[in-house]
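>>> Any chance you could fold what I've pasted below:
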Amino acid sequence: MSRVGKNPIKIPAGTQVHVNSNEVVAKGKLGEEKLQLSKQVKISQEGDLITVIPVDESKESRTHWGTYRSLINNLVQGVSEGFTINLEINGVGFRAAVQGNILVLQLGFSHEVNFDIPQGVTIKCEKQTLLSIQGTNKQLVGHVASKIRALRPPEPYKGKGIKYADEFIVRKEGKKK
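Alright, predicted model coming up:
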């Protein structure tokens, strides 16, 4: 029995969820998101609770059970609260700026790196070294953050590069005399 799948999803106030035969549509203050359902699970909605139920006791149905419960929960949470990932840029001369729909990064290369911001994601630069990535789709926000981090991952000696704000970089000792 799935520990994740058996928990019901509570719909917050101000959010509407419509369940069709093969699609879940959530509307909230931040926008609208859709999710295509697998044929291995059924969705039932009673008041402000949504429960996900496997169609049968096959292994495939049980694996989809917890996964789709998490996806629907992320869908509801995304349209009501949204998701945010913060990145820090460390290094002398390393900085970022948002110009229209392009994130311009100076990361110690001989050229600037231009990163196109995808639809559905907003990037804010509070300072030149702090990035805030926000959106309603958790997968898209995480994917964009990982692509930006991959442009210059932090190195273990001085910690230069782009890292998540809550990430801890294990530092190595340099050369000895």
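>>> can you point me to the longest helix in the chain?
Looking across the chain with DSSP state H, the single longest helix is helix 59-80.
>>> strand partners of the helix or strand just after that one, parallel vs antiparallel please.
Counting by DSSP states H and E, the element after helix 59-80 in chain order, helix or strand, is strand 83-90. Pairing partners of strand 83-90, with direction, according to DSSP bridges: strand 130-135 (antiparallel), strand 161-164 (antiparallel).
>>> would you turn these into JSON lines with mean neighbour count?
To be clear about C-beta, it is placed using only N, CA and C from the backbone, and glycine gets the same treatment. Converted to JSON lines, the strands paired with strand 83-90 look like this (neighbours: other C-beta atoms under 10 Å):
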{"stretch": "strand 130-135", "mean neighbour count": "19"}
{"stretch": "strand 161-164", "mean neighbour count": "19"}
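>>> Of all these, which one comes closest to Ile89?
Proximity of the strands paired with strand 83-90 to Ile89 was assessed by C-beta to C-beta; the nearest stretch is strand 161-164, lying at 5.4 Å.
>>> OK, contacts around the most centrally placed residue in the chain?
Most central in the chain under C-alpha atoms, centre = their mean is Lys138, positioned 3.0 Å from the mean C-alpha point. Residues in contact with Lys138, defined by C-beta atoms under 8 Å, 6 or more residues apart in numbering, are Asn74, Gln77, Gly78, Phe83.
>>> Most neighbours among these, please name it.
For the contacts of Lys138, the largest neighbour count, defined by other C-beta atoms under 10 Å, is 22 neighbours, found at Gly78.
>>> Quick check: it touching Glu33?
Yes. Using C-beta atoms under 8 Å, Gly78 and Glu33 qualify as a contacting pair, with a distance of 5.9 Å.
>>> what touches both of the two?
Between them, Gly78 and Glu33 have Ala26, Thr136, Asn137 as joint contacts when contacts are counted by C-beta under 8 Å, 6+ apart.
>>> By neighbours, which of those residues wins?
Ala26 (25 neighbours).
>>> wait, it sits on Gln16?
Yes. The criterion here is C-beta under 8 Å, and Ala26 meets it with Gln16 at 7.2 Å.
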